[in-house]
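Enquirer: I'd like to go over a predicted model; first the sequence, then the structure.
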Amino acid sequence: QVQLVQSGSELKKPGASVKVSCKASGYTFNTYGVSWLRQAPGQRPEWMAWISTNDGDTTYAEKFQDRVTMTTDTSTSTVYMELRRLRSDDTAVYYCATDRGHEFWGQGTLVTVSS
Amino acid sequence: EVVLTQSPLSLRVTPGQAASISCRSSRSLVYRDGNTYLTWFHQRPGQSPRRLIYKVSDRDSGVPDRFSGRGSDSAFTLRISRVEAEDAGVYYCMQGTHWPETYGQGTKLEIK
């Protein structure tokens, strides 16, 4: 069955960077692109970015355009999301999900930004 | 950005009764390919969202048939015909027609 397994929780200081991984299994990796979303406490999900697992093409939300980078490692079926220049309001649970329809989701990674 | 407005924001329902959640869009969600990319998710506390319904009314595998979606253009409804205890949580609508995708503010369903 399709599974997306994310890396563990992170505690970062303001101004630092975080890199979260999402390892896919149960399907051929390049079948689905991968989206990243985040959800601050008590808030609705917010879409951040999408990457094609075929050719690495990326699309980023304007809000994150200058701070986020998505990459893939096809040898390990893993997608990475790096967010730079972290601020306290970046504290959230970060999710990967399949493609644009989000049929399957990872378990979430809590990123806490605090001095 | 497209704004999705859900109502009600919360509701309490007795098991066995029906529940309906509305999602209204600030723009038509009909895409140029003729499809309407309106999706419903359910999220329990501490869990990832789970997709229930896509393209307005298509139910995902394993989703009970007491969940149904309907609507068109800019007005949509999720209906649960006979609420069960496991249905508690927050329901979100999401549009994928216009970039970037956006979400409604969520409707919290509590079971009496």
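Expert: In hand now; what should we look at?
Enquirer: In contact with the closest residue to B:Ser25 other than its chain neighbours, which residues?
Expert: Leaving out its chain neighbours, the residue that sits closest to B:Ser25 by C-beta to C-beta, 6 or more residues apart in numbering or on different chains is B:Ser74, at 4.2 Å. Backbone N, C-alpha and C define where each C-beta goes, glycine included. For B:Ser74, the contacting residues are B:Arg24, B:Ser25, B:Ser26, B:Arg27, B:Ser28, B:Leu29, by C-beta atoms under 8 Å, 6 or more residues apart in numbering or on different chains.
Enquirer: if we go to 10 Å?
Expert: Contacts here follow C-beta atoms under 10 Å, 6 or more residues apart in numbering or on different chains; on that basis B:Ser74 touches B:2, B:4, B:23-30, B:36, B:38, B:95.
Enquirer: element containing the residue sitting nearest the centre point of chain B, please.
Expert: Using C-alpha atoms, centre = their mean, the residue of chain B that lies closest to the mean C-alpha position is B:Trp40, 3.3 Å off. Using DSSP states H and E, the secondary-structure element containing B:Trp40 is strand B:38-43.
Enquirer: Whichever helix or strand comes after that strand - contacts with which helices or strands?
Expert: Next in sequence after strand B:38-43, counting helices and strands by DSSP H and E, comes strand B:50-54. When contacts are defined as 3 or more C-beta pairs under 10 Å, 6 or more residues apart in numbering or on different chains; DSSP states H and E, strand B:50-54 sits against strand B:38-43, strand B:58-59, strand B:67-72, strand B:75-80, strand B:89-95.
Enquirer: right, so of these, which gets closest to A:Ala61?
Expert: For those, the distance to A:Ala61 is smallest for strand B:89-95, at 14.1 Å, taking C-beta to C-beta.
Enquirer: Could you tell me which residues make contact with B:Thr107?
Expert: B:6-11, B:19-23, B:78, B:89-93.
Enquirer: And the pLDDT at the residue nearest to B:Ser25?
Expert: Model confidence at B:Ser74, given as pLDDT, is 98.
Enquirer: Near chain B, which residues of chain A? Just list them.
Expert: Within chain A, the residues that sit near chain B (C-beta under 10 Å from any C-beta of the partner chain) are A:4, A:6, A:35, A:37, A:39, A:42-50, A:59-63, A:93, A:95-108.
Enquirer: Now list the buried members of those residues.
Expert: With neighbours counted using 16 or more other C-beta atoms under 10 Å in any protein chain shown, the residues of chain A next to chain B contain these buried positions: A:4, A:6, A:35, A:37, A:39, A:44-50, A:59-61, A:93, A:95-106, A:108.
Enquirer: Just these: which are in helices?
Expert: Cross-referencing those with the helices (criterion: DSSP state H) gives no overlap at all.
Enquirer: can you tell me which of those are in strands?
Expert: A:4, A:6, A:35, A:37, A:39, A:46-50, A:59-60, A:93, A:95-98 (DSSP state E).
Enquirer: Name all residues that make contact with residue 9.
Expert: All of this is about chain A. Residues counted as contacts of A:Ser9 (C-beta under 10 Å, 6+ apart) are A:Val20, A:Val93, A:Gly108, A:Thr109, A:Leu110, A:Val111, A:Thr112.
Enquirer: my bad, the chain I had in mind was chain B
Expert: Contact partners of B:Leu9, counting by C-beta under 10 Å, 6+ apart, are B:Ile21, B:Val90, B:Gly104, B:Gln105, B:Gly106, B:Thr107, B:Lys108.
Enquirer: What are the buried residues along the strand holding B:Trp40?
Expert: By neighbour count, with 16+ other C-beta under 10 Å as the criterion, the buried positions of strand B:38-43 are B:Leu38, B:Thr39, B:Trp40, B:Phe41, B:His42, B:Gln43.
Enquirer: This completes my enquiry, with thanks.
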